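Colleague: Just need the structure, nothing else, for what follows:
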Amino acid sequence: ELTVRATAYTAYCNGCSGVTATGQDLRANPEQKVIAVDPRVIPLGSKVQVEGYGTAIAGDQGGAGKGNKIDLFMPSKSDALNFGVQTIKITVIN
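Modeller: Got it, this is the predicted structure:
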C-alpha cells in the first residue's frame, strides 16, 4: 500500500495521441481504468486498486508520474479538471 499524490489526465489534449506507453488506445476505449506511473515505483502492467477510482492498470508513464505520484485517466477534460490534485491510497495487486 502506498500513499500517493494523484492528478488526472485525458486523451484529448494538444499533442496527445491517446495511446499509452503500453499500447492501450484510450480514445477507442474511454471507459478504461488506466493510471500513469513512475515505472521505478510501480511496474508498467501492474494491476492497482486506487482509492475512489477502482481497479486500474498501470499502463502509462508521463510527466506527472515521478516517484509516489500517479495520473488517473479520465474520459473527459472536465472530469480531469474536477478531480484536481488529491492525496490517496493505492494498493498494487500484482
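Colleague: can you give me the helices for this protein?
Modeller: 77-83 (DSSP state H).
Colleague: Name the residue closest to the centre of it, please.
Modeller: residue 35 (1.8 Å; CA atoms, centre = their mean).
Colleague: in the protein, which ranges drop under the pLDDT threshold?
Modeller: Along the chain, the parts satisfying pLDDT under 70 run over 63-65.
Colleague: Strands of the chain, start to end?
Modeller: Applying DSSP state E to the chain gives strands spanning 2-9, 34-36, 47-50, 54-60, 69-73, 86-92.
Colleague: Direction included, what does the first one pair up with?
Modeller: In its sheet, strand 2-9 lies beside strand 69-73 (parallel), strand 86-92 (antiparallel), with partners assigned from DSSP bridges.
Colleague: List the buried residues in it.
Modeller: For strand 2-9, the neighbour count (16 or more other CB atoms under 10 Å) marks 4, 6-9 as buried. Placement of C-beta: from N, CA and C, glycine included.
Colleague: what bridges to residue 73?
Modeller: Residue 73 has these beta-bridge partners by DSSP bridges: residue 9.
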